[in-house]
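In: Quick one, what's the 3D model for this:
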Amino acid sequence: MSSTLTEKIKDIEKEISRTQINKATMSHLCSLRAKLCKYRTELLAGPKTGGPQEGTGFDVEKVGDARVALIGFPSVGKSSMLSTFTSTKSEAASYEFTTLTCIPGIIHHRDCRIQLLDLPGIIEGASEGKGRGRQVIGVARSCDLILLVVDAGSGKADRQRELLERELEVVGLRLNQRPPNVYFKRKKDGAVSISSSCQLVNITETDVRQLLHEYKIHSAEVLFREDCTIDQFLDIIEGNRKYVRCLYVYNKIDMTSIEECERISSMPNTMVLSVKMGLNLDVFKDYLWDYLGLVRVYTKPRGKKPDFDDPLVLTNGRHGTSVEACCKQVSSKLIDYIDYAMVWGQSVKHAPQRVGLSHMLEDEDVIQIVKKRGTVKELDPHNQSTRDPNKSRQQAKKAKAKLKT
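Out: Now for the predicted structure:
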């Protein structure tokens, strides 16, 4: 089945490449792109069987405050990076495919724990399942940051980068992109309603109706708050795309020229290092911190000093850095009891400042949760078992009754 899908995908790609783009062919191109998107989704999902899938046990338990995946071709230095930046020792050798499974490690940086995953090297065609590429990319979808590692001294670094981008793009990973501001909702009845609050240049209303028809969607509401392409709208229909930050790491810069290093460093979302020579190792950790968008928040119980030993770590990409996200990380019940919060730090104009749930926190802020009246006496953020106040009163009455008897 997978080989048949692969052949269909290649045929459609060839037909798209040789079709001229004009008004007369736009309807046909929309149909081809929609079919291509559906076939790729089916190929990624794999066969629907009741037995265990290939690659069972490949995933690793998620620990720490953030998760980072090392993706690249064989022998680019991924295992050496894991052994250098973590206490985990991953086997490194001069031959290819030294690493055959996912090996985790922990980077300790600024009171935070960052999980680094050394994944097996992938090859061209990994999105089609070659060389366990489907399992490798599946693990990458669960990460907060992807590190595309290429060999700067091989002379094929740019080609490796291009191939890796294509393999990840095919399986629904959108690197350093944000989802378009388009509202889409399927309805049970009614016609297709299309409206926009901006001028549409890259897509037309006819294109939208044609794409929805290919997916057999006859009742839906679509609102464009910004212009988007046909491929971006297909991502919205599919609804399973992963938007993730990506940092391109050019390793082995000791094997190239200074001019080439300067050219690579000027590229966006790119850094250079040499694990073997120990070049830019400290800069690498700072890059991780910036791209992950980690924010440390220290808690302060009422009448006590702040706890600077165990911060709450929030991320921009996962749940946000608002006061509400901070409360949910402590306990899901804490939102029901909070009245407001007092914040000290860079995110407020004066210290302390009274803020609400939507206030965005910054790194090294101090927060104190203030309860609503009539609830528990004190909400300690480190105590995740928030008690029901009515239940506490009942327990107190029973205790008093026992003392009287």
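In: so where do the strands sit in the stretch 51-200 of the chain?
Out: Using DSSP state E, counting those that start in this stretch, the strands found in the stretch 51-200 of the chain span residues 66-72, 103-109, 112-118, 145-151, 173-175, 182-186, 192-196.
In: packing partners for the third one?
Out: Counting by 3 or more C-beta pairs under 8 Å, 6 or more residues apart in numbering; DSSP states H and E, the packing neighbours recorded for strand 112-118 are strand 66-72, helix 78-85, strand 103-109, helix 281-292. C-beta here means a position set from N, CA and C on the backbone, and glycine is covered the same way.
In: who's in contact with that strand?
Out: 60, 62-70, 78-79, 81-82, 85-86, 90, 99, 102-108, 139, 143, 288-289, 292, 294, 296, 311, 313 (C-beta atoms under 8 Å, 6 or more residues apart in numbering).
In: Can you tell me, leaving aside adjacent residues, what's nearest to Met81?
Out: Val275 (5.5 Å; C-beta to C-beta, 6 or more residues apart in numbering).
In: Run through the residues that contact that neighbour.
Out: By C-beta under 8 Å, 6+ apart, the contact list for Val275 reads 77, 80-81, 84, 251-252, 281.
In: so how far is Ser79 from it?
Out: 10 Å (C-beta to C-beta, to the nearest Å).
In: Would you check that Gln210 makes contact with Leu32?
Out: No - the pair Gln210 / Leu32 is not scored as a contact, 10.7 Å apart, by C-beta atoms under 8 Å.
In: ok, back up a step: now list the buried members of the contacts of strand 112-118.
Out: The neighbour count (16 or more other C-beta atoms under 10 Å) marks 60, 64-70, 78-79, 81-82, 85-86, 90, 99, 102-105, 107, 139, 143, 288-289, 292, 294, 296, 311, 313 as buried among those.
In: So which residues of the stretch 201-350 of the chain form strands?
Out: Using DSSP E, counting those that start in this stretch, strands in the stretch 201-350 of the chain cover 220-224, 242-251, 270-272, 294-299, 312-315, 338-344.
In: Figure out which of the strands of the stretch 51-200 of the chain is closest to Met271.
Out: Among the strands of the stretch 51-200 of the chain, the nearest to Met271 by C-beta to C-beta is strand 145-151 (9.6 Å).
In: Mind listing the strands the closest one pairs with, and their directions?
Out: Here strand 145-151 has these sheet partners by DSSP bridges: strand 66-72 (parallel), strand 242-251 (parallel).
In: Just the CA trace of it, in PDB.
Out: Backbone C-alpha positions of strand 145-151 (Å, rounded to 0.1, in the frame of the first residue of the first chain) are rendered in PDB as follows:
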ATOM      1  CA  LEU A 145      12.900  22.900  19.300                       C
ATOM      2  CA  ILE A 146      14.600  21.000  16.400                       C
ATOM      3  CA  LEU A 147      18.300  21.200  15.700                       C
ATOM      4  CA  LEU A 148      19.200  20.500  12.100                       C
ATOM      5  CA  VAL A 149      22.800  19.400  12.300                       C
ATOM      6  CA  VAL A 150      24.900  19.500   9.100                       C
ATOM      7  CA  ASP A 151      28.600  18.900   8.300                       C
END
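In: Next, the angle helix 281-292 makes with that strand.
Out: If you take axes from the mean of the first three to the mean of the last three C-alpha atoms, to 10 degrees, strand 145-151 sits at 140 degrees to helix 281-292.
In: so for strand 145-151, what's the average pLDDT?
Out: Mean pLDDT, strand 145-151: 91.
In: Repeat that for stretch 362-382.
Out: Across stretch 362-382, pLDDT averages out at 71.
In: Also stretch 187-203?
Out: Averaged across stretch 187-203, pLDDT comes to 87.
In: what's it in contact with?
Out: Stretch 187-203 is touched from outside by 205, 208-209, 212, 217-230, 233, with contacts defined as C-beta under 8 Å, 6+ apart.
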